[in-house]
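Visitor: Return a 3D structure for these sequence lines:
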Amino acid sequence: MARPEPPVDTVRVAFDGFVYGHATTNVFWFKVATDGTRTSNDLVALLDALAATFHTNFDPLVGTNFTWGTLNAVWQTGVGTALAASKSYTHAGAVASPIDDAASCYVISWKIAARYRGGKPRTYLAGPTTAQVSNGSDLIAGQVTALAAAAEAVRNAMASFTAVHITSCVMGTVSFFTAGGSETHPPTYRTPPVFQPYISSSARQKLGTQRRRILS
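Guide: This is a model prediction of the structure:
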């Protein structure tokens, strides 16, 4: 069975960048409301808003080895219909002395109202720096606080985003599966999938790894 389409008026954004020249990607989801008209210009405006708030809030906290990027978006405009847009930006982390490891990263956890076993929505943020880490793996308290504040600032900025035909925007994730997860009870698709808004976020104290997200 093919995966069902995302819910109507959800937008999937692949956020592409490089860390020490290795490609890295994080995916963000949004649910938008419209006045009935959907255009590529509105989709590009959403990308511009996401890029601007990411640059303002996260770039000052990450190393100069992280550069981005291209944002690729698909807006599910109806059943069987979608708009796509792509836009490139030239941004980079602002902090010197990044950790000399392309796999290390900060981990942002996004909270939703639903409770379930399995993987939770997270952002694996490239570019941790040596001054922000102690004992080889623990972030200093000030960096945890700063990352958590940045994540909330991004979430709130996107919640206030509007465009010519977009009247509201919510950051979140899409749940495509329900139940299961083992050989005897494999996961089954939700029909239709369900959008879950983020209600808060936090930063993990331990360094993470994005080894499965290094693409080249």
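
Visitor: separation between Ala114 and Pro7?
Guide: 15 Å (CB to CB, to the nearest Å). The C-beta positions use only the backbone N, C-alpha and C, and glycine is treated the same way.

Visitor: In terms of neighbours, single out the busier of the two.
Guide: Pro7 (16 against 9; other CB atoms under 10 Å).

Visitor: Show the contacting residues for the closest residue to that one other than its chain neighbours.
Guide: Leaving aside its chain neighbours, Pro7 sits nearest to Phe195 (5.1 Å; criterion: CB to CB, 6 or more residues apart in numbering). Contact analysis of Phe195 by CB atoms under 8 Å, 6 or more residues apart in numbering lists 6-7, 10, 29, 31, 170, 172-175.

Visitor: For Phe195, list each beta-bridge partner.
Guide: Counting by DSSP bridges, Phe195 is bridged to Val174.

Visitor: For Gly142, see how far away it is.
Guide: 34 Å.

Visitor: And Thr77, by the same measure?
Guide: Distance from Thr77 to Gly142, by CB to CB: 43 Å.

Visitor: Please report phi then psi for the spatially most central residue of the chain.
Guide: Centroid-nearest residue in the chain: Phe28, 3.5 Å away (criterion: CA atoms, centre = their mean). The phi/psi pair for Phe28 (degrees, to the nearest 10) reads phi -120, psi 140.

Visitor: and it, what pLDDT?
Guide: Confidence at Phe28, expressed as pLDDT, is 98.

Visitor: Nearest residue to it in space, ignoring adjacent ones along the chain?
Guide: Closest to Phe28 by CB to CB, 6+ apart is Val13, at 4.6 Å.

Visitor: again, but for Ala157
Guide: Ala157's closest residue in space is Thr53 (CB to CB, 6+ apart), at 3.9 Å.

Visitor: Arg204 too?
Guide: Val107 (4.1 Å).

Visitor: Just checking, which helix or strand of this protein averages the lowest pLDDT?
Guide: strand 188-197 (a mean of 89; mean pLDDT, DSSP states H and E).

Visitor: Show me which positions of the following helix or strand past that one end up buried.
Guide: Per DSSP states H and E, strand 188-197 leads on to strand 200-203 as the next helix or strand towards the C-terminus. Residues of strand 200-203 classed as buried by neighbour count (16 or more other CB atoms under 10 Å): 201, 203.

Visitor: and what of stretch 9-16?
Guide: The neighbour-count check on stretch 9-16 (16+ other CB under 10 Å) flags 9-13, 15-16 as buried.

Visitor: For this protein, just list every one of the strands.
Guide: For the chain, applying DSSP state E gives strands covering 10-19, 22-34, 66-78, 81-92, 104-111, 122-126, 133-134, 138-139, 166-178, 188-197, 200-203, 208-209.

Visitor: Alpha carbons of the third one, as PDB, please.
Guide: Going back to what we said before, that points to strand 66-78. Below are the C-alpha coordinates for strand 66-78, written out as PDB (Å, rounded to 0.1, in the frame of the first residue of the first chain):
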ATOM      1  CA  PHE A  66      27.700  24.800   9.100                       C
ATOM      2  CA  THR A  67      26.500  26.600   6.000                       C
ATOM      3  CA  TRP A  68      23.100  26.600   4.400                       C
ATOM      4  CA  GLY A  69      21.300  26.300   2.200                       C
ATOM      5  CA  THR A  70      18.500  25.400   0.000                       C
ATOM      6  CA  LEU A  71      14.900  25.000   1.200                       C
ATOM      7  CA  ASN A  72      12.700  22.700  -0.800                       C
ATOM      8  CA  ALA A  73       8.900  22.800  -0.100                       C
ATOM      9  CA  VAL A  74       5.800  20.900  -1.200                       C
ATOM     10  CA  TRP A  75       2.400  22.300  -0.300                       C
ATOM     11  CA  GLN A  76      -0.400  19.700  -0.400                       C
ATOM     12  CA  THR A  77      -3.000  22.000  -1.900                       C
ATOM     13  CA  GLY A  78      -5.800  19.400  -2.300                       C
END
